[in-house]
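S.K.: next comes the sequence, and after it the predicted model I'd like to discuss.
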Amino acid sequence: MSKWDVEYQSTDLGKIEIAPEVIQIIAGLAAVQVDGVAGMSGGVVDDITQFLGRKNPRQGIRVEFEEGLSIEVAIHVKYGSYIPDVGKAVQEQVKNAVETMTGLRVESVNVRVEAVKFPEKSGAVEATQRVK
């Protein structure tokens, strides 16, 4: 087991370990299902990957195992959405999905809104305003 894997359970047959990447994928897929979320935020590599047409369900998600399982989610919000409601819904959706699928207890889900996506205007490219 690497120091980044979570030892979930030991049985007579051996150990069950969950890699942080698995939790990132679950959290990312749960977050984008929330109404008002336009997408996930990522770094330069993730932006290039998205430009090339590939989606990375782990982008914008950071997982830490310190005192407990802590998840940080960086999102883009659709223009016109009430940000506090979207953030709370993301917290609830991510916590529920991770706990249901892994059996792990999620201590915290921190949501960071990094951009607002504006709707397309008759053939114009969708605009994004990032917070610096």
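M.R.: Thanks, I have the structure now.
S.K.: so which elements touch the helix or strand harbouring A38?
M.R.: Secondary structure from DSSP states H and E places A38 in strand 37-40. Judged by 3 or more CB pairs under 8 Å, 6 or more residues apart in numbering; DSSP states H and E, strand 37-40 is in contact with helix 20-32, strand 69-78, strand 106-117. The C-beta positions use only the backbone N, C-alpha and C, and glycine is treated the same way.
S.K.: could the ones you listed be laid out in JSON lines, adding distance to V86?
M.R.: Converted to JSON lines, these look like this (distance: least, CB to CB, whole Å):
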{"stretch": "helix 20-32", "distance to V86": "10"}
{"stretch": "strand 69-78", "distance to V86": "6"}
{"stretch": "strand 106-117", "distance to V86": "8"}
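S.K.: quick one on the thing from earlier: contacts for the strand holding A38?
M.R.: With CB atoms under 8 Å, 6 or more residues apart in numbering as the test, strand 37-40 has contacts from 28, 31-32, 59-61, 73-78, 86, 90, 115, 117.
S.K.: mind checking which of those residues are buried?
M.R.: 28, 31-32, 59-61, 73-77, 86, 90, 115, 117 (16 or more other CB atoms under 10 Å).
S.K.: for this protein, which helix is longest?
M.R.: Longest helix of the chain, by residue count under DSSP state H: helix 83-102.
S.K.: check the offset of that helix from the chain's centre.
M.R.: Offset of helix 83-102 from its chain centre (CA atoms, centre = their mean, to the nearest Å): 9 Å.
S.K.: so what touches that helix?
M.R.: By CB under 8 Å, 6+ apart, helix 83-102 touches 8, 18, 22-23, 26-27, 29-31, 33-37, 69, 71, 73, 75, 77, 104-106, 109, 111, 113.
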